[in-house]
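Okay, sequence plus prediction incoming.
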Amino acid sequence: MPKIKSNRAARKRFSKTATGKIKRNRAYHGHLLTSKSRKRKRKLRGTTLVNPRDSRRIRRMLPGSD
C-alpha cells in the first residue's frame, strides 16, 4: 500500500511540539503594519497553539508527522 501524501501547504505552516500539540504562526503580521501598535506587532511575532477543535483536521493533513 502506498504512503499517504501530506498536504504541502499545511506542512509549511504547522509544526508539532514535543507533547504532540500543533503550533502555528499568528496572522495579520504581513503588511499594513504602520497602523498597528508596537505592542500588537510584538505579540504577532510569536507562535501559538492551534485550537483543539481544529487540530484534528490539521492532523489529518499531516499524516507523516505522527
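Structure received. Residues are numbered from 1 along each chain as shown.

Quick one: mean pLDDT for the longest helix along the chain?
Assignment by DSSP state H gives helix 52-61 as the longest helix of the chain. Averaged over helix 52-61, pLDDT sits at 94.

contacts for that helix?
Here helix 52-61 makes contact (Cβ atoms under 8 Å, 6 or more residues apart in numbering) with 6-7, 10-11, 14, 21-22, 50, 66. Heads up, the C-betas are built off the backbone N, CA and C, glycines and all.

Now, those that are in strands?
Ile22 (DSSP state E).

Let me know the distance separating Thr48 from Leu62.
Using Cβ to Cβ, to the nearest Å, we find Thr48 at a distance of 17 Å from Leu62.

Comparing the two, which residue is more hemmed in?
It is Leu62, of Thr48 and Leu62, that has more neighbours when counted by other Cβ atoms under 10 Å, with 18 against 11.

Might one say that that one is in contact with Ser6?
Yes: using Cβ atoms under 8 Å, Leu62 makes contact with Ser6 at a distance of 5.1 Å.

what are the ranges of the helices in this protein?
For the chain, the helices defined by DSSP H occupy 8-13, 38-45, 52-61.

and the first one, C-alpha only, in CSV?
It stands for helix 8-13. Only the C-alpha atoms of helix 8-13 are listed here, as CSV (Å, rounded to 0.1, in the frame of the first residue of the first chain):
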residue,chain,number,x,y,z
ARG,A,8,2.3,20.5,1.4
ALA,A,9,0.6,23.8,2.4
ALA,A,10,-0.2,22.5,5.9
ARG,A,11,3.3,21.0,6.2
LYS,A,12,4.9,24.5,5.7
ARG,A,13,2.5,26.3,8.1
